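Peer 1: My questions concern the predicted model and sequence given below.
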Amino acid sequence: MSAPRILVVDDEADLRELLEITLLKMGLDVDSAATLRQARNLFEEHDYALVLTDMRLPDGLGIELVREISASGKGTPVAVITAFGSAENAVVALKAGAFDYIAKPVALDALRLMVRSALKVSEGGTGQQDIGAGTSRLIGDSPAMQSLRAQIGRLARSNAPVSITGESGAGKELAAREIHAQSSRAAKPFVAVNCGAIPEALMEAEFFGYRKGAFTGAADEREGFFQAADGGTLMLDEVADLPLAMQVKLLRAIQERRVRKIGATTEEPVDVRIVSATHQDLARCVETGKFRQDLFYRLNVIELALPPLRERLEDLPVLTDAILARLAGPGKASLGPGVLDALRAYSFPGNVRELENVLERALAFANGGVIEVGDLSLKAARPGEPTVREPVAPPVAPAVPLTPEPAPPMPAAAPVPVPVNLGPAELPSNLPAYLEQVERDIIQRALQQTQFNRTQAASLLGISVRQLRYQMQKLEISAPDD
């Protein structure tokens with residue numbers, strides 16, 4: 001069996017020779033080209049396991065070769081060599097279909113890691129590239145889900161960072177795990193990190209690790225998330241919640257592919273693929289100054305959008321079957337007459353996660369494992385009722401100011417009602433109490449719309465769950481069963 005053949009394209013003779021020697025020592029066959037024309041001719045004559053090209057060549061740009069090879073249908077991985085500090089070129093190449101990139105001056109250890117990863121892709125990786133609906137973590141036969149699985153199959157062949165967007169509960173982590181499982185990194189670790197759950201003071205230690213004695217309490221040396229995911233995939237869930245100070249450090253780690261533990265004096269190389277996810281609009285966060293633009297472009301090389309459940313209701317039968325089989329065992333639970341119609345009439349603001357919650361609660365009340373419509377407790381939407389609450393238009397202020405009746409109090413220790421709707425000529429007699437009442441009404445409406453699901457209510461209001469919990473405690477708002 002012949003050794004895999006690599007094509008090196010670079011106009012610098014010294015660098016080309018260094019790359020050739022390194023690859024030959026790895027037991028690989030190497031062809032070299034100094035121009036775009038020579039590279040095209042060689043690519044037509046031979047089948048390559050990897051093409052490694054510089055971005056700037058005497059007769060054109062390496063990005064042209066990337067696009068041509070990606071469109072050739074051979075499935076050959078292409079990696080680009082970029083000049084130091086030219087992160088934009090790397091992002092452009094990855095978007096054009098490049099498998100990976102490496103920056104000048106070329107670090108040989110990083111080069112070897114990249115080549116080994118590319119060879120796994122060229123050889124077929126883990127053999128899981130054609131996962132279908134039957135074995136995929138992402139359940140559903142709708143056109144949206146079929147398209148999503150096809151996109152994941154293509155993304156799995158690349159090392160480019162992926163940004164997964166979608167509403168809360170839509171399955172962002174499942175999609176990230178599916179990308180990892182179909183990639184050449186499947187045998188290596190998949191590490192998922194909830195960026196919003198780590199205290200800011202501990203973030204650097206958690207991500208990069210620390211040396212023994214680096215700070216008070218550091219009794220032993222510890223690996224960080226990057227070291228734990230070395231060779232595999234690191235998922236940054238709710239990445240929009242990262243503080244700006246940590247975003248700077250994360251940007252360097254992603255760009256340089258090297259991290260330094262707290263207390264260490266040297267950096268160590270890491271080989272991880274970054275998959276990020278958030279339910280927020282990252283572009284909007286960049287505009288408001290909440291998220292760094294350079295990190296946004298690093299993470300958002302390829303965007304994968306997950307459809308909400310309300311846009312793929314035809315998947316409800318297979319989803320409910322799979323969830324019930326997991327909750328009660330195969331064939332031990334079923335849906336009664338009209339239940340699917342009731343579920344289709346509901347908007348599912350919490351998506352598949354809420355569907356699981358609804359079925360698990362209904363199963364607890366079901367007789368003989370058969371779930372009836374009454375067991376669902378879908379208070380916000382039943383068949384024939386609107387699935388989304390329409391906002392109520394504010395009343396037009398009359399000539400003579402009137403004091404509207406306060407809204408019915410929630411089950412809590414309600415304070416003295418304060419008029420919320422004031423006429424244009426009116427002023428509140430007690431501003432702090434007035435503002436509290438306004439805030440209380442808004443939070444109560446959000447909780448009612450989400451059936452007191454605090455996570456979903458916080459998402460609707462654009463605040464964290466911790467902030468919502470604090471405001472509920474301050475305003476003495478409690479759930480009906482509290």
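Peer 2: Sure thing, it's come through.
Peer 1: all contacts plus neighbour counts: C-alpha atoms, from now on.
Peer 2: Fine.
Peer 1: And Ile63, how far from Ala362?
Peer 2: From Ile63 over to Ala362 the distance is 55 Å, taken as Cα to Cα, to the nearest Å.
Peer 1: Correction: the previous question concerned Ile477.
Peer 2: 26 Å.
Peer 1: what does Gln293 give?
Peer 2: Going from Gln293 to Ala362 by Cα to Cα gives 45 Å.
Peer 1: Of the two, give the one with the bigger neighbour count.
Peer 2: With neighbours defined as other Cα atoms under 10 Å, Gln293 and Ala362 compare such that Ala362 has more, 20 against 14.
Peer 1: Quick check: that one touching Leu378?
Peer 2: No: when contacts are counted by Cα atoms under 8 Å, Ala362 is not listed as touching Leu378 (10.0 Å).
Peer 1: Strands of the stretch 151-300 of the chain, residue ranges please.
Peer 2: With DSSP state E, counting those that start in this stretch applied, the stretch 151-300 of the chain shows strands at 162-165, 190-194, 233-237, 258-259, 268-269, 273-278, listed in chain order.
Peer 1: The ones you listed into a markdown table, with extra columns for distance to Gln451?
Peer 2: As requested, these are arranged in a markdown table below (distance: least, Cα to Cα, whole Å):
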| stretch | distance to Gln451 |
| --- | --- |
| strand 162-165 | 24 |
| strand 190-194 | 25 |
| strand 233-237 | 25 |
| strand 258-259 | 44 |
| strand 268-269 | 48 |
| strand 273-278 | 23 |
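Peer 1: Which one, of those strands, ends up nearest to Tyr101?
Peer 2: Distances from Tyr101 to each of the strands of the stretch 151-300 of the chain were compared using Cα to Cα; the shortest belongs to strand 273-278, at 12.0 Å.
Peer 1: Show me what that closest one pairs with in its sheet, parallel or antiparallel.
Peer 2: The partner list of strand 273-278 in its sheet, established with DSSP bridges, is strand 162-165 (parallel), strand 233-237 (parallel).
Peer 1: Buried ones in the first one, by neighbour count?
Peer 2: The neighbour-count check on strand 162-165 (16 or more other Cα atoms under 10 Å) flags 162-165 as buried.
Peer 1: One more: the last one?
Peer 2: For strand 233-237, the buried set under the neighbour-count rule, 16+ other Cα under 10 Å, comprises 233-237.
Peer 1: how much distance is there from the biggest helix by length in the chain to the middle of the chain?
Peer 2: Using DSSP state H to define each element, the chain has its longest helix at helix 431-449. Between the mean C-alpha location of helix 431-449 and the chain-wide mean there is a distance of 32 Å, by Cα atoms, centre = their mean, to the nearest Å.
Peer 1: Now that helix: buried residues?
Peer 2: Using 16+ other Cα under 10 Å as the burial criterion, the residues of helix 431-449 that qualify are 433-434, 436-437, 440-441, 443-444, 446-449.
Peer 1: In this model Ala446 seems to touch Leu461, though I could be wrong.
Peer 2: Yes: under the contact definition of Cα under 8 Å, Leu461 touches Ala446, with a separation of 7.4 Å.
Peer 1: picking that back up, with pLDDT added, can I get the buried residues of helix 431-449 in JSON lines?
Peer 2: Output for the buried residues of helix 431-449, formatted as JSON lines (pLDDT from 0 to 100):
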{"residue": "Ala433", "pLDDT": "79"}
{"residue": "Tyr434", "pLDDT": "81"}
{"residue": "Glu436", "pLDDT": "84"}
{"residue": "Gln437", "pLDDT": "86"}
{"residue": "Arg440", "pLDDT": "89"}
{"residue": "Asp441", "pLDDT": "89"}
{"residue": "Ile443", "pLDDT": "90"}
{"residue": "Gln444", "pLDDT": "89"}
{"residue": "Ala446", "pLDDT": "89"}
{"residue": "Leu447", "pLDDT": "88"}
{"residue": "Gln448", "pLDDT": "87"}
{"residue": "Gln449", "pLDDT": "88"}
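Peer 1: quick check, nearest of the residues you listed to Ile102?
Peer 2: Checking those against Ile102 with Cα to Cα, the nearest one is Ala446 at 47.9 Å.
Peer 1: wait, what's in contact with the closest one?
Peer 2: Ala446 makes contact with 457, 460-461, according to Cα atoms under 8 Å, 6 or more residues apart in numbering.
Peer 1: Any regions of this structure where pLDDT drops low?
Peer 2: Judged against pLDDT under 70, the low-scoring parts of the chain cover residues 1, 84-87, 122-135, 379-425, 481-482.
Peer 1: Spatially central residue in it, please.
Peer 2: When the chain is reduced to its mean C-alpha position, the nearest residue by Cα atoms, centre = their mean turns out to be Ala277, at 1.8 Å.
Peer 1: right, and Glu238 touches Leu282 too?
Peer 2: No: counting by Cα under 8 Å, Glu238 stays clear of Leu282, with 10.3 Å between them.
Peer 1: Between the two, which has more neighbouring residues?
Peer 2: For Glu238 versus Leu282, the count of surrounding residues by other Cα under 10 Å is larger for Leu282: 21 against 18.
Peer 1: could you dump stretch 426-446 to PDB, C-alpha only?
Peer 2: As requested, the backbone C-alpha atoms of stretch 426-446 are provided in PDB (Å, rounded to 0.1, in the frame of the first residue of the first chain):
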ATOM      1  CA  GLU A 426     -50.200  62.700  35.200                       C
ATOM      2  CA  LEU A 427     -47.200  62.100  37.400                       C
ATOM      3  CA  PRO A 428     -46.800  59.200  39.800                       C
ATOM      4  CA  SER A 429     -47.200  60.200  43.500                       C
ATOM      5  CA  ASN A 430     -44.600  57.600  44.500                       C
ATOM      6  CA  LEU A 431     -42.000  57.100  41.700                       C
ATOM      7  CA  PRO A 432     -40.100  54.100  43.300                       C
ATOM      8  CA  ALA A 433     -43.400  52.200  44.000                       C
ATOM      9  CA  TYR A 434     -44.600  53.100  40.500                       C
ATOM     10  CA  LEU A 435     -41.500  51.700  38.800                       C
ATOM     11  CA  GLU A 436     -41.600  48.600  41.000                       C
ATOM     12  CA  GLN A 437     -45.200  48.000  39.900                       C
ATOM     13  CA  VAL A 438     -44.300  48.400  36.200                       C
ATOM     14  CA  GLU A 439     -41.500  45.900  36.600                       C
ATOM     15  CA  ARG A 440     -43.700  43.500  38.500                       C
ATOM     16  CA  ASP A 441     -46.400  43.500  35.800                       C
ATOM     17  CA  ILE A 442     -43.800  42.800  33.100                       C
ATOM     18  CA  ILE A 443     -42.200  39.900  34.900                       C
ATOM     19  CA  GLN A 444     -45.600  38.500  35.800                       C
ATOM     20  CA  ARG A 445     -46.700  38.600  32.100                       C
ATOM     21  CA  ALA A 446     -43.400  36.800  31.000                       C
END
